[in-house]
Each structure stands twice: as structure tokens, then as C-alpha cells.
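Undergrad: Here is a sequence with its predicted model. Questions after.
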Amino acid sequence: MRGVSDVAETPQTLLPLLLDDLMPWSVPPLRLGRGWVKGPDPASLRARWDAVIRAAAADRDALFGPTRLRTPGTSVAALPGQRTATTRFAAESGRCPEPVRVLHGPFDEQWLIPDHRLIDAARPELWRVLDSTHQVFAVEQGYVPGAPGPALLATALLPDGRSPAGRPGRIRPLYRRPGGREPNLTPGLTRFLSGLYGRAVAPEDVLDWALAAARPSARGAVVPLPRDAAVWSAGVERGHRLRTLQLRGAHGAERPRLPGGRRPYVRATLPPRPDSIAYDRAESALLLGSTGRISPVPEAAWTYEVGGVRILERWFEERTAAAPAGTLEAIRPGAWPQEWASELLELVTVLALHAELAGEKPELDEGDRLTRAELGAAGVLPVPGAARRPASVLDHHEEGPGGQFALL
């Protein structure tokens, strides 16, 4: 191993370390192409599917919403792990595939019809590495100069990678294969860090540190690495708490809860179709429509922002914004589903706890930082080209267009 002195400092080696240097394989956000395939409740998605399937041939194209990449006549392979039809959608007459839970932007859990014929860019490589016990996706948030909020979030759900503001970031799976196999980390990174800190560094530790220490930049999430083992341990501990909170009960963990006396409840019945959301600071209450009231709600949850957008207001808008009449998106619940009230209570809890963790942030920016030159001297950087490409994954049944072939 070469010493640091063997590598000359250059403008390139003086650049800050990015998440891209640590978790090199990344995927762009999903591009749906049509809004009706995604929504906050699965029943509406099934009803939309039925509506387009029952439509006369002359109306089906318009309802479908054809794009350059997808029309009812497009021939396309099934998504990995999804046993959906691969015949052209124009000939479809069956039932809607079971919707799957996805993360739509930051903190908003919604549903998606997992049919490749309906999605312009579904990113099959993400579906190949999706699993319910090990996989975690790190999602970079859109960069908005000066805006508050995290630069990086984690989820066990399939993320669409959308950003409420700013240019969307990249999606980085923690593992390149299902089952927690082959970490998506720069080769040699954990070995180098383990020697530096005098303790074993696991792939989850690197993600936890990134969740705690990442800061936004126009080039992507900046993730400095400390020299001091104590700073590293403090950051990993905080990042672990953030990851556990953001996974929201996935991988066998408990769902997030505030202590008794601070837990939000529905204090006054929500109207069938609330048309507004507001905050009563004096009563620490969330007001929905003319009658609905949820409390206690910390002001920090109400004001919590990502990319300059308030999360609670955006969540409400996603469920209540008007859709053009006659479109599939206009097919929605006739009344506010009970599940939405439960989801809103949990979202308030998550944002309140997230705000508390942000207030407890240790001084992770203090002390010396590792440089690119040092990582280059250790043989960690530059990242090998193969580490930026997806692994060959044949764990899922994959049917080609029209059932022409299968990868087993």
C-alpha cells in the first residue's frame, strides 16, 4: 500500500468525497410516463385498470396516455419478480396486477401497478435487487440551494426517486444482489476503514454514517469521512437511529412511536372529503377541513421540509388535489379512507422524531477528514468501472415480450 506522500495533491484529489465515491452503483429515478398507475390507495388503482380495460378501443388509447416509450401496442418484458402479462396491453382483458407499496418522493408511501407495459422507465435493475429482509435503498434528495432538510433518505420500499423540488438525485441500493449479498460499496472501502478505526466496519455502518453526515451539493450528496474513530462511532450511532426510523417497521423492526402523552390522535372526526390542511400553533393541532383535528402535533413536524417543500402539506395535496374530469386519475376514493388517517398519524410521528434527531446532531463536521489522495494511496479510489455497473442477477423469473423467453 502506498503512502499518502506517494500521491500528489491535485485539484481533483482536493474535491470533497461524494456518496458516489462510496456507493458507486446508482440508478436514476423511475419515470412513470402516466400518473394513473400510481396513487395513495390500491383500490383506486384497480378501478382505474378496470376502467381502461372496459373502455372501447377508440377510447383506450386516450385513457392509457401514450408516450414515445409506451403505447397500448408496446411489446415489453415483465418486471423482475412480477408475474404480469407480457402480451400487448391493447389485448389485455384480465385483472389488475396486485399493486405494490412504493416510496413516492420523501416520506410518502403510496402504491404502484407493477406492470412494465404501463411504466416508461421502471428501472428493472432495482426490481431485481428488491427483497423484504435485507435491501435498503439510499435516495439522494433534489438539490435546492439553502433549503433545509436531509440530503439523503433510506427506505426498504422500492423508491421512485422523485423530488418535491430541485433536480432528483440518484437511487443507490445497499446491496447489488438480493439477500444482502455483494455490498454496493467501493471495493476495499470497509477494509480500509476497519483498519483506520480499529473496529469492524459493516456495509450498514457506511450507510448509517452517510445518513448522518451527508450534506447537499450541486454535484450530489457530499459525505466526508472522519479520521477520528470516536466521531465515526457517533455518526454511525445517529445514522442507525435515522435508518431505523425511515424504514418504518421494515426488516422486522418496530414501527415508529412517540412516547405516551405525545402520541398524536384524531381528536375530532375528519370530514368525508377534507379540502384544506392547517396548523393551530396554540393548540399544537393539525386541522383538516372544517372539523377534523389531530393533536398533539409538534410544530417541528408541521414545518418539516425537504427541498423547500413542507412534507405534510405535500402529502395532503397528493391525496386531495383536483384531477381533470374524465381522466383515470380522477378515479379516487369517494370519502377519506380510514387507512389515510392512520398513515397521517404515523407520518406526523416520523417527522417529529426526525426533527428531534436533527436537533441532537453531534458535531460530525469537526476534526480532520480523509482526502481523496489518502483513499487513492490506499487503493480505494478511483472506483473501478465494474463497481458502477449492476451485477448479473438471475434470482427472479423474468418473462420476455409475449412470453418469448424466460431467465431462471
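TA: Structure received.
Undergrad: buried set for stretch 243-257?
TA: By neighbour count on 16 or more other C-beta atoms under 10 Å, the buried set for stretch 243-257 is 243-248, 250, 256. Any C-beta I mention is one placed from the backbone N, CA and C, and that applies to glycine too.
Undergrad: and these, which of them are in helices?
TA: Secondary structure from DSSP state H places 243-247 of the buried residues of stretch 243-257 in helices.
Undergrad: ok, so of these, who is nearest Tyr265?
TA: Leu245 (20.3 Å; C-beta to C-beta).
Undergrad: ok, now how distant is the closest one from Val136?
TA: 13 Å (C-beta to C-beta, to the nearest Å).
Undergrad: next helix or strand past the longest helix seen in the chain?
TA: Using DSSP H, we find that the single longest helix of the chain is helix 338-359. Under the assignment DSSP states H and E, the closest C-terminal helix or strand after helix 338-359 is helix 372-377.
Undergrad: what mean pLDDT does that next one have?
TA: For helix 372-377, mean pLDDT is 96.
Undergrad: and what of stretch 348-363?
TA: For stretch 348-363, mean pLDDT is 87.
Undergrad: Over to stretch 106-115?
TA: On average, stretch 106-115 scores 98.
Undergrad: pull the CA atoms of that stretch into CSV?
TA: Extracted in CSV, the C-alpha atoms of stretch 106-115 (Å, rounded to 0.1, in the frame of the first residue of the first chain):
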residue,chain,number,x,y,z
PRO,A,106,-39.6,11.7,0.6
PHE,A,107,-41.7,10.1,3.3
ASP,A,108,-44.8,9.4,1.2
GLU,A,109,-45.7,5.7,1.0
GLN,A,110,-48.1,5.1,-2.0
TRP,A,111,-49.0,2.2,-4.4
LEU,A,112,-48.0,1.3,-7.9
ILE,A,113,-49.3,-1.1,-10.5
PRO,A,114,-46.2,-3.2,-11.2
ASP,A,115,-46.8,-3.7,-14.9
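Undergrad: chain center to it: distance?
TA: 10 Å (C-alpha atoms, centre = their mean, to the nearest Å).
Undergrad: So for that stretch, what gets flagged as buried?
TA: Using 16+ other C-beta under 10 Å as the test for burial, stretch 106-115 gives 106-115.
Undergrad: would you list these in CSV and tack on distance to Thr186 and secondary structure?
TA: Shown next, in CSV, are the buried residues of stretch 106-115 (distance: C-beta to C-beta, whole Å; DSSP: H, G, I helix; E, B strand; the rest coil):
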residue, distance to Thr186, secondary structure
Pro106, 26, coil
Phe107, 29, coil
Asp108, 31, coil
Glu109, 31, strand
Gln110, 33, strand
Trp111, 35, strand
Leu112, 31, strand
Ile113, 36, coil
Pro114, 31, coil
Asp115, 35, coil
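Undergrad: pretty sure Pro382 is touching Arg388, no?
TA: No. Pro382 is beyond contact range of Arg388, at 10.5 Å (criterion: C-beta atoms under 8 Å).
Undergrad: what sits up against the longest helix of the chain?
TA: Taking contacts as C-beta atoms under 8 Å, 6 or more residues apart in numbering, the residues outside helix 338-359 that touch it are 40-41, 107-109, 150, 238, 241-242, 245-246, 248, 255-258, 262-266, 270, 286, 294, 297-298, 300-301, 304, 311-312, 315, 319.
Undergrad: Kindly recompute the last result at 6 Å.
TA: 242, 245, 256, 258, 264, 266, 297-298, 300-301, 304 (C-beta atoms under 6 Å, 6 or more residues apart in numbering).
Undergrad: for stretch 285-300, same thing?
TA: So stretch 285-300 is contacted by 264, 266-268, 270-271, 274-275, 277-278, 280, 284, 348, 352, 355 (C-beta under 6 Å, 6+ apart).
Undergrad: Inside helices: which ones of the residues you listed?
TA: 348, 352, 355.
Undergrad: what number of residues lie near the first one?
TA: By the measure other C-beta atoms under 10 Å, the count of residues near Val348 is 25.
Undergrad: now do Glu204
TA: The number of residues near Glu204, taken as other C-beta under 10 Å, comes to 17.
Undergrad: Quick one: mean pLDDT for the helix or strand hosting it?
TA: Assessed by DSSP H and E, Glu204 sits inside helix 203-213. Mean per-residue pLDDT for helix 203-213: 97.
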